[in-house]
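>>> Fold the stuff below for me.
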Amino acid sequence: MIAIVDYGVGNLRSLENAFEHLRIETRRINTPEEISCAPKLVLPGVGAFFYAMKNLRALNLKTALLERIRAGVPILGICLGMQLFFTRSEEGQPTPGLNVIVGEVKRFDASLKVPQIGWNEIQIQRESRLLKNLPISRHAYFVHSYFCEPGDSKVAVATADYGHSFTAIVEKENVFGVQFHPEKSQEFGLQILKNFAEM
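A predicted model of the protein is given here:
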């Protein structure tokens, strides 16, 4: 069973539909008690980094998430959810994140049209448990104005290009993240979700 953390930052229905298509059970959770007994977590998110962190604190979810991460529970961050794993974001006002991956979330160069919306090719940099049995087409659907810059390049599993190379997938022990929306990325994204569910 996949526990999807619902902290008020986006419509979760398309993500639930993707897991349902894969015949994988999900449940929305939004309390520390539910997080503390979840066997596997997905942290989705769209919108502003500051607002997302504010919501996690207001719902008393930040500490519960960090405890489960330290306990080795697999967690997948999607889009903004991946960015929240990092040390800080420069979006709006500099805002501390969960700091489970050392690094920063930065805005794309002013010369680029943001947000980046649409399909982009994924360039795999190293092996990962998320990347088993991928289809030939490795394109994913992105909607974002900010990108993650890990302090340790080994955290980056895959990259994509928009003006410059940026991190598209991360893995650090039991923490996984994808900058794109797997639920909107057809066979490629569905395989990513399936791989996470089967860990």
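>>> Quickly list what V105 is bridged to.
Counting by DSSP bridges, V105 is bridged to S89, C148.
>>> give me the number of residues near it?
Counted with other CB atoms under 10 Å, the neighbours of V105 add up to 23. Where you see a C-beta, it was placed from the backbone N, CA and C, and this is true even at glycine.
>>> Tell me how far it lies from K62.
Per CB to CB, to the nearest Å, V105 is found 17 Å from K62.
>>> same question, G103
18 Å.
>>> before we move on, what about S36?
13 Å.
>>> about what we covered before: which one of G103 and K62 has more residues nearby?
Ranked by neighbour count (other CB under 10 Å), G103 and K62 place G103 first, with 22 against 18.
>>> Give me the contact list for the helix or strand of the chain with the lowest mean pLDDT.
When each helix and strand of the chain is scored by mean pLDDT, DSSP states H and E, strand 95-96 comes last, with a mean of 92. Counting contacts by CB atoms under 8 Å, 6 or more residues apart in numbering, the residues outside strand 95-96 that touch it are 49-50, 53, 87-89.
>>> same question, stretch 158-167
Contacts of stretch 158-167 (CB under 8 Å, 6+ apart): 108-109, 111-112, 116, 120-125, 128, 131, 140, 142, 147-150, 155-156, 168-169, 179-180.
>>> Name only those of those that count as buried.
Buried subset of those (neighbour count, 16 or more other CB atoms under 10 Å): 108, 116, 120, 122, 125, 128, 131, 140, 142, 147-148, 150, 155-156, 168-169, 179-180.
>>> number of nearby residues for N99?
Quick note: N99 (other CB under 10 Å) scores 13 neighbours.
>>> so it touches I69, yeah?
No: contact criterion CB atoms under 8 Å: N99 and I69 do not qualify, at 10.6 Å.
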